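**Student:** Build the 3D model from these lines:
(chains A, B and C)
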Amino acid sequence: MSTETAVSTIKAPSRAIEFLKRPLVVALILIVVLLALGEALSPGFASPMQILRLLIVASVMGIVAAGQNLVILGGREGIDLSVGGIVSLAAIVAGNVMNGADGGILPALLACIAVGALFGLFNGLGITLLRIPPLVMTLGMLGVLQGLLVVIRNGLPSGRAAPALSSFVTQPFLLGLPGIIWLWIAIGLFMAFLLKRTVFGYRIYAIGSNEQAAYMAGVPVKTIRVGLFMLSGMFAALAGFCLLGYSGSSFSNVGEQYMLPSIIAVVLGGTPLAGGKGDYTGTMAGAVLLVVLQSILTTIHIDESGRQMVFGATLLVLMLFYGRGRAMRG
Amino acid sequence: MQQIASSSSAAREGGLKSVLQRFPFVPALIILVALVALNGFFEPRSLSFGSITGLVSTYLALMLLAVAQTYVVYAGDIDLSVGAIVSLVNVVIIVLMEKWGGGGLTVLAACLVGVLTGIACGVVNGIMIAGLRLQAIVATFATSIFFTGLALYVLPVAGTPAPEAYWLTYGGTYFGIPFVFYVVAAVALVLGILARMRLSTQLLAVGDDAMAAFQSGLPVTLIRIKGYVLCGLFSALAALCVTGDTASGDPLVGGKMTLYSVAAVVLGGSALSGGAGTVTGSVIGALIIGLINSLVFFVGTPSEWQNLVQGLAILIALMAGVLVSRGARA
Amino acid sequence: MSELLIRGARKAYGATLALRRGDLHLLPGEVHVLIGSNGSGKSTLCKIVAGSVKPDAGEVLLDGKPVTIAGPQAARALGIGIFYQELSLAARRTVAENIYLPALPVKSGVFVDRATLEEKARRVIADFADVAGEGFSADTPVETLRADQRQLVEIMKALATEAPVLIFDEPTSALDRAQVDRFFEILRRLKGEGRAIIFISHRMDEIFAIGDRVTVIRDGETVATSRIAETDQATIIHQMVGEREELATPSVAPAVHATSRATVLSVQDFSGPGFRNVGFEVAKGEILGFGGLHGQGQSSVMRAIFGALPHQAGSITLNGKAHAMRSPREAIAAGCAYVSGDRRRDGILQGRPLLENLTPIHFLRNRLMLARPSRLRERALKPLQALKTKFQALEQPINSLSGGNQQKIVIARWLIDRPDVLLLDDPTKGIDLAAKTDLFALIRELAAEGMGIVLYSSEDAELLNNADRILVFNSGSVTRELTGADRTRYNLYHAAYEAA
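**Tutor:** Residues are numbered from 1 along each chain as shown, chains lettered A, B, ... in the order given. The predicted structure is shown next:
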């Protein structure tokens, strides 16, 4: 591998093809295609109102996926299955703290974030100090959270969203867009800043790409990883908080439907489960793609079974675009 | 990071360590015995023959599903679609038995079709993950959606009962021994045979280091596909037991079992990273989950607290299991 | 009886060309030595023959007939067995299972025939029984074996294929003298049976002891093939190095040890995993060499000073202050830098841009929270220029560079903020001569500016040319110190091999 000769002898594939193969671009193209398809199948599917509704649903998913994205980027089989439980728990906590009063919104938000951070901390400590595999640790934590939900549900009324929160999530807030979409955009900017402009972000990629090398370069590997799981818990809690605003009152296990889809959104957005590369912009597109896909399947007139089959098969086909492992024989 | 130099010298001594290396399920067995004793202490009747029969017939399905999961975990893979396969096979045999009249032979024929269905699901998973190199976690989640869709297509709503011949046989007693124990004996025999086959060693070798196995000349892709096929087969057998236990068809019956099967495998001392584990351990792991659930009941936990206590107990057992089996391997 | 002919084999990994034009003609009944510096393409050529790497071009002829080797399985079927340099063992399986992993014996159609397996394995093991050392038997899990014992298992695995063509890619690197002798006896026997054997080693004495013919590969190209009896060490080295040989020898002799200058690093009574009672001092501006055979504790001492390995006893004093060095973070904060020769494991952040690879130390030493790419770029450029690093943009992923330039990036990350002590742990492993020259020129410059440098190199010439003083390691302890005119190849060899 001599310096002069080794590089640049293989001709690179053309720039256009390279560009089109980027996960973000693929996801965006597919979103447009699906919207067009939906409009053709059922006029009104791609109307501004409908798209807005889709974006509201996607933003909740996207907020959960933000935390999931961070945990996965950090590598070492990083994954957080407990987000489903945290979303549900946060929705209940928020509903009870605010209990329909606008004045309770801020305390409720703080309580949610604290709850999410706490469970994230437990996850992170188990994974770093006891070196429990993330899948096992967060799976066990999910069981605990589900049990906790049963206890809380028995002891507490279900709680209601404050009117201001509901309108923040569902009604136009600024420039015709609901507040939650602005919130999501803000989170997108925050994530971009975090990953590209902070030392913490650089270190996330470092431990995700080569943990041993990062350690040898003085990166506080364990602290970073605990931080990632705490952030994941906090994002999930924030999503639960928003979800309460969307549905008005918290009902049982609303969060479970976000557990695995949040992982899918990350993968469709171009972050491989092995970590160390990818970003949140892709994940945002992945979340929208997932929601548009689900929505188009509810629009066309096939029954539940057909919807699920098409959804599952489509996900498999999408994964063939990206997220394939390397061949054994290089 | 720091184990590089110390591992080889320390690993030699210690009879306990070599016992754990050969029988990684020993810690799980100790937990199991302790749980049996605790169950007996709090509820002496739980040790009666009838209670044990009840426990086995309730958790036989989970034991089989844990076994199914073990074969893919051997090779470092995972299958999050096992629950969906259980659902699919359950509705397939229920619908076929109803269609074909529910007589003795038709029941057998339906079961055979059910088993073939499970195997087919395993082939699909295997091709997706080993053949097309999709990431196991997300790909099997996608196939689980697809299989659930199929199950909903076969039987849109829960409720169709199993023919009498089926559940009477499953719950019956022959020559003084409950039918489920014959099943247990037959499964033990099959597992014994499988453990002595080349495939078990090959799966473990692939999980240990897939590249090394490939370079040694093992057909790695084919071996991993076979792992998924075994997983599909045992998931189908689990479905037969579920059907015997619930005596009806439900297109969503297996959904909750998937994560428990993963937990049981980890409890049994297998490493999710592959290369180390035993099916015996996974069976014990499934029993531990069952006994934790009954113990929580017997100690008089208020009903709303039961799930939380179960969740916490399983989390602690999972963490203990990971720590002890790593201690044995280090 | 097999005759193997490889013509024009070529393989590229992304932008890196690992093998440009590999030719080899292997005859039955010969031990054919393949030699070339690290990264010259030897292993790639072997893996192509063994089926585990798919060539981009070229042809393979077995007994005159063109064959396509579709994979390791196909290679085995064609009668090709291989010893992999990085070993192909399943750590948790037993010795016997590993030896026969590709072809486990079966009885009654389905069951693994344990009795036959153990017996067959025992027969293979018997050849090495008296040299394998304690704790080595058919039912031992491989993960509990020592490095040399694992290497023996891989040798046995290759032998058990009973293939007419056998490839051994650095099979002796961890073996002791007796084990090598036994292995060579077996090779001679196999040669007598008419097998064709490819043998790779970096030890010249081994090459002349066992080889019949030798093929030299340089920069991915086959340069020459000659009979061992008709060539000599100097010729082979000249063929390996090519015209650029003179680059390796610096034009100026190393500076004389600066005794008058202040001590920057002092290590006393230092003991830990793989080393004991090591003590030395490094003065400002000095390059202290660690010499001796590979793996005698040189690397462990450096890693322990850097906090990456725990030490059990002894003290580390840096700039007059004692440090416990419990982690690399602590060592870095104290002004210590460490460059590992294993850059894939310890150095590069695979797939990440150069900028991210360059900045972690800068962040830590300046306690930064925010990363400003424009400012970082500015800071990173100077050390990159000093090392003459070749790159297009700081945004390109590190994998797109050649090995030498990757290592330059890893070194440059330490030079944005100057450390007081630089620990170089075989830093030139697997990089080309031009990069080595740039590197050593810079190291000398850094020393002249007052940095204390500790250098371990597995190449003696590098030590002799660059170190002001050499500590020779043997079995974890310093056995000899070479200063001034004592720094000769003879003294170095003598100290390294005595009582080994």
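**Student:** CA atoms for contacts and neighbours, from now on please.
**Tutor:** Noted.
**Student:** helices or strands next to the helix or strand hosting residue B:56 in the packing?
**Tutor:** Here residue B:56, judged by DSSP states H and E, is contained in helix B:49-74. Packing partners of helix B:49-74 (3 or more Cα pairs under 8 Å, 6 or more residues apart in numbering or on different chains; DSSP states H and E): helix B:82-100, helix B:179-196, helix B:198-208, helix B:220-246, helix B:257-267, helix B:279-298.
**Student:** what comes up buried for it?
**Tutor:** B:53-74 (16 or more other Cα atoms under 10 Å in any protein chain shown).
**Student:** give me the low-pLDDT residue ranges for chain A?
**Tutor:** Low-confidence segments of chain A (pLDDT under 70): A:1-16, A:18, A:20-21, A:157-158, A:250-252, A:323.
**Student:** and the gap between the residue nearest to the spatial centre of it and residue C:132?
**Tutor:** Nearest to the mean C-alpha position of chain A, counting by Cα atoms, centre = their mean, stands residue A:65 at 0.6 Å. Relative to residue C:132, residue A:65 is positioned 54 Å away (criterion: Cα to Cα, to the nearest Å).
**Student:** Now the residue nearest the centre of chain B: closest residue in space, sequence neighbours ignored.
**Tutor:** Computing the C-alpha centroid of chain B and ranking residues by Cα atoms, centre = their mean puts residue B:66 first, at 1.3 Å. Distances taken as Cα to Cα, 6 or more residues apart in numbering or on different chains place residue B:261 nearest to residue B:66, at 4.5 Å, with adjacent residues excluded.
**Student:** Let me have the helices and strands packed on helix B:49-74 in JSON lines, extended by mean neighbour count.
**Tutor:** Output for the helices and strands packed on helix B:49-74, formatted as JSON lines (neighbours: other Cα atoms under 10 Å in any protein chain shown):
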{"stretch": "helix B:82-100", "mean neighbour count": "28"}
{"stretch": "helix B:179-196", "mean neighbour count": "15"}
{"stretch": "helix B:198-208", "mean neighbour count": "24"}
{"stretch": "helix B:220-246", "mean neighbour count": "26"}
{"stretch": "helix B:257-267", "mean neighbour count": "27"}
{"stretch": "helix B:279-298", "mean neighbour count": "24"}
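**Student:** so which of those helices comes closest to residue C:436?
**Tutor:** helix B:198-208 (36.9 Å; Cα to Cα).
**Student:** That closest one: how far from the chain's middle?
**Tutor:** How far helix B:198-208 lies from its chain's middle: 18 Å, per Cα atoms, centre = their mean, to the nearest Å.
**Student:** Now do the residue of the stretch 351-500 of chain C found nearest chain B against chain A, distance only.
**Tutor:** Using Cα to the nearest Cα, the single residue of the stretch 351-500 of chain C nearest to chain B is residue C:476, 12.8 Å away. Using Cα to the nearest Cα, to the nearest Å, one obtains 23 Å as the distance from residue C:476 to chain A.
**Student:** show me the residues around that residue that make contact.
**Tutor:** C:274, C:275, C:276, C:296, C:297, C:298 (Cα atoms under 8 Å, 6 or more residues apart in numbering or on different chains).
**Student:** Centre-most residue in chain C?
**Tutor:** The residue lying closest to the centre of chain C (Cα atoms, centre = their mean) is residue C:429, at 6.0 Å.
**Student:** Quick check: that residue touching residue C:341?
**Tutor:** Yes: using Cα atoms under 8 Å, residue C:429 is in contact with residue C:341, at 5.4 Å.
**Student:** what residues does stretch B:180-188 touch?
**Tutor:** B:53, B:56, B:57, B:60, B:170, B:171.
**Student:** and the fifth one, how far is that from chain A?
**Tutor:** Taking Cα to the nearest Cα as the measure, residue B:170 and chain A are separated by 30 Å.
**Student:** What's the local residue count around that residue?
**Tutor:** Residues lying near residue B:170 (other Cα atoms under 10 Å in any protein chain shown) number 20.
**Student:** excluding its backbone neighbours, what's nearest it?
**Tutor:** Per Cα to Cα, 6+ apart, closest to residue B:170 is residue B:244, 5.4 Å.
**Student:** contacting residues around that neighbour?
**Tutor:** Counting by Cα under 8 Å, 6+ apart, residue B:244 makes contact with B:166, B:167, B:170, B:171.
**Student:** what about residue C:126, distance to residue C:132?
**Tutor:** With Cα to Cα as the criterion, residue C:126 and residue C:132 are 10 Å apart.
**Student:** who's more crowded, these two?
**Tutor:** residue C:132 (22 against 13).
**Student:** Just say helix, strand or coil for the more buried one.
**Tutor:** Counting by DSSP: H, G, I helix; E, B strand; the rest coil, the backbone at residue C:132 sits in coil.
**Student:** what's near enough to touch the closest residue in space to it that isn't next to it in sequence?
**Tutor:** Excluding its sequence neighbours, the residue lying closest to residue C:132 (Cα to Cα, 6+ apart) is residue C:149, at 6.3 Å. Residues counted as contacts of residue C:149 (Cα under 8 Å, 6+ apart) are C:132, C:133, C:136.
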